[in-house]
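Asks: fold the stuff below for me.
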Amino acid sequence: MANKPSCDTELMRKRTTIFESNEKEDRVYRIPALFYDREKKILLAFAEKRRTKDDAHTLALVMKRGTVNEDKTVTFEDPERELVKKANCGPRPMNPCPVYDKISKTLFLFFIFVKDLVREQWQVEHYNNKAHLCYIKSPDAGKSWSEVIHVSEYLDKMKDWATFAVGPGHGLQTHVRQTHGGKLIVPVHGFYSSCRCRYRCRFFTCRCARCLENCHSCCYSKCCSPTQYALSLYSEDQGNTWKFGRKLQTNSGECEMAEFFDDKDNSVIYCNARTAGGYRVEAVSQDGGNEFKPLSAKKLVETRGGCQGSVVSFPPPDEGQDQKPKWLLYSHPTDPDSRKDLGVYLNESPQDSTTWSEHRIINRGPSGYSDLVYMDDGWFACLMECGEKSEIEQIAVKVFSYHEVKQGIEKEEVTSCCPSCTIL
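Replies: Residues are numbered from 1 along each chain as shown. So this is what the prediction gives:
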């Protein structure tokens, strides 16, 4: 475990810019996703490259590889690589979500292809899904990648959804026991309505006066409007076949999941999801991510309008690097009204959702989406949207330790230091 850092070390730690937007040059980066290869000490940073900040104008999924140095600084390669591109007048790739199989040493990068210029809201309003689930995979930590592999046609449940997306952020593999691979889990959210009248109504997808006059009145009623639900996509055979779990029974959107082990050494899959309400949706699964039960605590505040957040599990510092994960770290903008002041929260008893700590700010100022990874020896990396005037100015990475987080949370350590030490 790394030694506890001094205040000077803490204050000197800076974020490293990886992707820098320039709206005048029609180049905007959004939606970060991060993967850490522990054997090679490599960070892979993924993002959407857009022509504008509008998600209807995504051009490509891009990646940069970074080497983690002994002093925990990261050196990234230049230039970026475009992994999946939008074809002319063709579908656009969105929502990068990496998940790694430790047995085959294969990295999957899940994403969705969405019909050109079709926005999510249009799909929801018309109950007309234009998103397709796909992935590419790499056997060598991102040096080479396969062709695009389409998954949608094998998953019948998608036919009942208005639209869907993965992540964004990282997926996970459950604890690997010797040569037996764990389950691969990809976080998913979809829009769904239990009302079936819209499927019988041939006038529903058009909003001209004639069709509106002939459409069943209930098709546009509030009770028929699709609701957003989080759920898991999982594989039990190292990514050869994929299945959906059951959706959460509460309104929940963009999500991430993490595995921890409770006091009885039982595996628990934890889900943390975006919502339109004032608090994050939290749920746990005792059956490997198939069915989730919501947690009732309202401890984690959601930013007005909602924002994606990230969660990762890790072993307690005194139990060693290769022990089972038992604690959780969560990142999200801490301001309840706008996307700014990205913070991390610690839970050392995650079976109790009331035990989340106060936040520790890791990026002061405009901050948006983020993705956490646990590296090793008590160190984390966070890839985040940030900037001086807007959170879409750049995507940067910040490396920090468990002790730095803990130091900022414990009041007696904060008061014994300078006030600025509450920021990593």
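
Asks: measure the residue lying closest to residue 81 once chain neighbours are set aside to residue 79 for me?
Replies: Among residues not flanking residue 81 along the chain, residue 63 sits closest, at 5.0 Å (C-beta to C-beta, 6 or more residues apart in numbering). The way it works is simple: take the backbone N, C-alpha and C, and place the C-beta from them, glycine included. Using C-beta to C-beta, to the nearest Å, residue 63 is found at 11 Å from residue 79.

Asks: neighbour count for these two, which is higher?
Replies: Using other C-beta atoms under 10 Å, the more surrounded residue of residue 63 and residue 79 is residue 63, with 25 against 7.

Asks: wasn't the more buried one part of a helix?
Replies: No. Residue 63 is assigned strand when assessed by DSSP: H, G, I helix; E, B strand; the rest coil, not a helix.

Asks: can I get stretch 341-348 as CSV, trimmed to CA atoms?
Replies: C-alpha atoms of stretch 341-348 as CSV (Å, rounded to 0.1, in the frame of the first residue of the first chain):
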residue,chain,number,x,y,z
ASP,A,341,-17.2,20.3,-8.6
LEU,A,342,-16.7,16.7,-9.3
GLY,A,343,-16.4,14.7,-6.1
VAL,A,344,-15.8,11.2,-4.9
TYR,A,345,-17.7,9.4,-2.1
LEU,A,346,-16.5,6.4,-0.1
ASN,A,347,-18.5,3.5,1.3
GLU,A,348,-16.7,1.0,3.6
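
Asks: from the chain's centre, how far out does that stretch sit?
Replies: Counting by C-alpha atoms, centre = their mean, to the nearest Å, stretch 341-348 is centred 15 Å from the centre of its parent chain.

Asks: so for that stretch, what gets flagged as buried?
Replies: Across stretch 341-348, burial judged by 16 or more other C-beta atoms under 10 Å covers 341, 342, 343, 344, 345, 346, 347.

Asks: and residue 192, how close does it get to residue 168?
Replies: 19 Å.

Asks: identify the bridge partners of the residue nearest to residue 81.
Replies: Here residue 63 shows beta-bridge partners residue 46, residue 81, assigned using DSSP bridges.

Asks: OK, contacts around it?
Replies: The contact partners of residue 63, by C-beta atoms under 8 Å, 6 or more residues apart in numbering, come to 44, 45, 46, 80, 81, 83, 142.

Asks: for the fourth one, give me its contacts.
Replies: Going back to what we said before, that points to residue 80. 19, 49, 62, 63, 64.

Asks: from these, which two are the most distant?
Replies: The span of those, defined through C-beta to C-beta, is set by 49 and 64 at 11.5 Å.

Asks: what sits in contact with each of those two?
Replies: Shared contacts of residue 49 and residue 64, defined by C-beta under 8 Å, 6+ apart, comprise 19, 80.

Asks: kindly export stretch 81-90 (C-alpha atoms) in PDB.
Replies: Backbone C-alpha positions of stretch 81-90 (Å, rounded to 0.1, in the frame of the first residue of the first chain) are rendered in PDB as follows:
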ATOM      1  CA  ARG A  81      -6.900   6.600 -32.700                       C
ATOM      2  CA  GLU A  82     -10.400   6.600 -34.200                       C
ATOM      3  CA  LEU A  83     -11.700   3.100 -33.500                       C
ATOM      4  CA  VAL A  84     -15.200   3.200 -34.900                       C
ATOM      5  CA  LYS A  85     -16.200   5.900 -37.400                       C
ATOM      6  CA  LYS A  86     -19.500   7.300 -38.600                       C
ATOM      7  CA  ALA A  87     -20.100   6.500 -42.300                       C
ATOM      8  CA  ASN A  88     -21.400   9.100 -44.600                       C
ATOM      9  CA  CYS A  89     -25.200   9.400 -43.900                       C
ATOM     10  CA  GLY A  90     -24.800   6.200 -41.900                       C
END
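
Asks: contacts for it, please.
Replies: For stretch 81-90, contacts defined as C-beta under 8 Å, 6+ apart pick out 46, 49, 58-64, 92-93, 109, 111, 116, 136, 145, 148.

Asks: rerun at 6 Å
Replies: 59, 60, 61, 62, 63, 92, 93, 116, 145 (C-beta atoms under 6 Å, 6 or more residues apart in numbering).

Asks: which of these lies closest to residue 272?
Replies: Comparing the contacts of stretch 81-90 against residue 272 with C-beta to C-beta places residue 61 closest, at 23.6 Å.

Asks: determine the three-state secondary structure at residue 371.
Replies: Using three-state DSSP, the structure places residue 371 in strand.

Asks: rewinding a little: now, which of the contacts of residue 80 sits nearest residue 258?
Replies: Nearest to residue 258, judged by C-beta to C-beta, of these is residue 63 at 22.9 Å.

Asks: hang on, residue 395 packs against residue 28?
Replies: No. Under the criterion of C-beta atoms under 6 Å, residue 395 makes no contact with residue 28, lying 10.2 Å away.

Asks: residue 298 against residue 279, yeah?
Replies: Yes. When contacts are counted by C-beta under 6 Å, residue 298 is listed as touching residue 279 (4.2 Å).

Asks: more neighbours, residue 395 and residue 28?
Replies: residue 395 (33 against 23).

Asks: what helix or strand does that one sit in?
Replies: strand 394-401 (DSSP states H and E).
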